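S.K.: what follows is a protein structure lacking sequence information:
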């Protein structure tokens, strides 16, 4: 085992932590616009006021056009994500290894996010499917150019476990705010449609343009405020792509982590994708309530963040993450029964959102800190900084999880997605429940105490 001595370092300034977190607010807004709105836009329920742009035909019982489009995008990611991660690790640029790629990826990601909601022909057309395939691929490639190096900065700037946990807390706050920002789309589209005299699809497109523009501005904040050479070692890796990827996947703690993380993102995407359906179809309430519910959930999760941070330092991150997965499984099970309890539907909606806040807070804060521990431990053990590859592999599985969530929900809608015919929407709850139970049991195998003890020895 190689031991690297570290001298006392200057604590990371609070303003730099804040500027770093603002970048996540930007890209989280883009990702959650896709997660919250794409399926509702292209496979709308009958009462949405949105025309059909792609075929609603079902293939092999459960597959539809959206599931096939999403699957096609992940095939490309399997190649591009490791490539970009390796490129970032080995990049030799005067501005560092991470910031240049973030600068190149931000604006195109925003543009392609908007274009995903701009079908090129009116009415159902195969050209709209081809357009979605192309723009989706470009969106995720450019997003990876930003997100992978962005996350790689976390273990590089956070030199201690406390700093890494604090950075993870900051970016979990801005990720949650990104969810809320994305949820503004329906609330913003309504007044815009009335003021501009445009139909529902056009109003949605304009709302997404506005939010995407603001998101891109946020993504550029860390690009222009963080001096990578000042706050990181910024030492390029010498390990080629394939050996680096192989070494990353050979790390047993990383394998347990990434499987659980994949399931988490799949589960949370099912909830986010289904939220408009849960509110309008299962509970029979107005679309505008989605923004209020998400805002309440995020506010309550913010209130829980300090406690999550403090308790994690005392009892460890692993036990809290396992608890959150098991709690989330109960939330998903509840989805199956939404609208069937003796409670008024509005009361049930608020109670659901409130109880969802705690596991969301835990899983928003702690997983990034865990991966930073794993990547930092590996860098010190091997003397080869491969943070980019670790976060590239994580980003790939995260996107696969998000896409898997969209695919699963889209497939389940074939069993019913309209008021009075909602069995498919309810099934998403049972599927998510099983996912989260599996994730909790997998993460029990993560050897947190051993890894942190070795990490402490290596940094002495």
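M.R.: Arrived safely, thanks for sending. Quantities reported herein were computed from a predicted structural model and do not represent experimental measurements. Numbers count the residues shown, from 1 in each chain.
S.K.: okay, residue 128 and residue 115: tell me how far apart.
M.R.: From residue 128 over to residue 115 the distance is 12 Å, taken as C-beta to C-beta, to the nearest Å. For the C-beta atoms, the positions are set from N, CA and C on the backbone; glycine is no exception.
S.K.: average model confidence for stretch 53-71?
M.R.: For stretch 53-71, the mean pLDDT works out to 64.
S.K.: for the stretch 151-300 of the chain, which spans come out with low pLDDT?
M.R.: 161, 233-242, 244-245 (pLDDT under 70).
S.K.: what is the neighbour count of residue 341?
M.R.: Using other C-beta atoms under 10 Å, residue 341 has 12 neighbouring residues.
S.K.: residue ranges with poor pLDDT in the stretch 301-450 of the chain?
M.R.: Looking at the stretch 301-450 of the chain by pLDDT under 70, you get 384-389, 391-392.
S.K.: not counting sequence-adjacent ones, nearest residue to residue 402?
M.R.: Closest residue to residue 402 apart from its sequence neighbours, by C-beta to C-beta, 6 or more residues apart in numbering: residue 269 at 4.5 Å.
S.K.: sorry, wrong one. I was asking about residue 364.
M.R.: Of all residues not flanking residue 364 in the chain, residue 172 sits nearest, at 3.6 Å (C-beta to C-beta, 6+ apart).
S.K.: could you look up the SS state of that neighbour?
M.R.: The three-state label given to residue 172 by DSSP: H, G, I helix; E, B strand; the rest coil is helix.
S.K.: could you list the low-pLDDT ranges of the stretch 1-150 of the chain?
M.R.: Using pLDDT under 70, the flagged stretches of the stretch 1-150 of the chain are 1-10, 47-48, 57-79, 81, 91.
S.K.: I'd say residue 208 and residue 186 touch.
M.R.: No - the criterion here is C-beta atoms under 8 Å, and residue 208 misses it with residue 186 at 10.8 Å.
S.K.: number of nearby residues for the residue nearest to residue 402?
M.R.: 28.
S.K.: what residues are up against it?
M.R.: Shown in contact with residue 269 (C-beta atoms under 8 Å, 6 or more residues apart in numbering): 35, 401-406, 409.
S.K.: ok, it to residue 435 distance?
M.R.: Applying C-beta to C-beta to residue 269 and residue 435 gives a distance of 11 Å.
S.K.: same question, residue 174
M.R.: Distance, residue 174 to residue 435, using C-beta to C-beta: 25 Å.
S.K.: can you pull out the helices in the stretch 251-400 of the chain?
M.R.: 252-277, 289-315, 317-336, 345-382, 387-412 (DSSP state H, counting those that start in this stretch).
S.K.: same check on the stretch 101-250 of the chain?
M.R.: For the stretch 101-250 of the chain, the helices defined by DSSP H, counting those that start in this stretch cover 126-157, 161-196, 200-225, 228-231, 241-250.
S.K.: so which of those is the most surrounded?
M.R.: helix 126-157 (a mean of 23; mean count of other C-beta atoms under 10 Å).
S.K.: residues of stretch 321-341 that come out buried?
M.R.: By neighbour count on 16 or more other C-beta atoms under 10 Å, the buried set for stretch 321-341 is 321-322, 324-325, 327-329, 331-336, 338-339.
S.K.: quick check, nearest of those to residue 279?
M.R.: Relative to residue 279, the closest of the buried residues of stretch 321-341 is residue 338; by C-beta to C-beta it sits at 9.2 Å.
S.K.: not counting sequence-adjacent ones, nearest residue to the closest one?
M.R.: For residue 338, ignoring the flanking residues on the chain, the nearest one in space by C-beta to C-beta, 6+ apart is residue 282 at 4.3 Å.
S.K.: same question, residue 116
M.R.: Nearest residue to residue 116, sequence neighbours excluded (C-beta to C-beta, 6+ apart): residue 135, at 5.2 Å.
S.K.: before we move on, the earlier item: residue contacts, the residue nearest to residue 364?
M.R.: Each residue near residue 172 by C-beta under 8 Å, 6+ apart is listed here: 305, 361, 364-365, 368.
S.K.: still on that earlier bit, go through the helices of the stretch 251-400 of the chain and name the closest to residue 179.
M.R.: helix 289-315 (6.0 Å).
S.K.: number of nearby residues for the closest residue to residue 261 other than its chain neighbours?
M.R.: Leaving aside its chain neighbours, residue 261 sits nearest to residue 367 (5.6 Å; criterion: C-beta to C-beta, 6+ apart). Per other C-beta under 10 Å, the neighbour tally for residue 367 reads 24.
S.K.: and the gap between residue 219 and residue 265?
M.R.: Applying C-beta to C-beta to residue 219 and residue 265 gives a distance of 20 Å.
S.K.: quick one, what contacts residue 300?
M.R.: 354, 357-358, 361.
S.K.: repeat that for residue 423.
M.R.: Each residue near residue 423 by C-beta under 8 Å, 6+ apart is listed here: 415-416.
S.K.: go with 10 Å
M.R.: Shown in contact with residue 423 (C-beta atoms under 10 Å, 6 or more residues apart in numbering): 336, 412-413, 415-417.
S.K.: how about residue 24?
M.R.: When contacts are counted by C-beta under 10 Å, 6+ apart, residue 24 touches 31, 147, 150-151, 170-178, 218-219, 222, 368.
S.K.: residue 30 is in what secondary structure piece?
M.R.: Using DSSP states H and E, the element containing residue 30 is helix 14-42.
S.K.: and that helix with helix 252-277, angle?
M.R.: If you take axes from the mean of the first three to the mean of the last three C-alpha atoms, to 10 degrees, helix 14-42 sits at 50 degrees to helix 252-277.
S.K.: show me how far helix 14-42 is from its chain's centre.
M.R.: 8 Å (C-alpha atoms, centre = their mean, to the nearest Å).
S.K.: pull out the buried residues from that helix.
M.R.: In helix 14-42, counting by 16+ other C-beta under 10 Å, buried: 16-17, 19-42.
S.K.: likewise for stretch 266-277?
M.R.: By neighbour count on 16+ other C-beta under 10 Å, the buried set for stretch 266-277 is 266-277.
S.K.: redo those as CSV? Include distance to residue 212.
M.R.: Converted to CSV, those look like this (distance: C-beta to C-beta, whole Å):
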residue, distance to residue 212
266, 24
267, 26
268, 21
269, 19
270, 24
271, 23
272, 17
273, 19
274, 23
275, 20
276, 19
277, 23
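S.K.: next, give me the two most distant ones among those.
M.R.: With C-beta to C-beta as the measure, no two of those lie farther apart than 266 and 276, at 18.3 Å.
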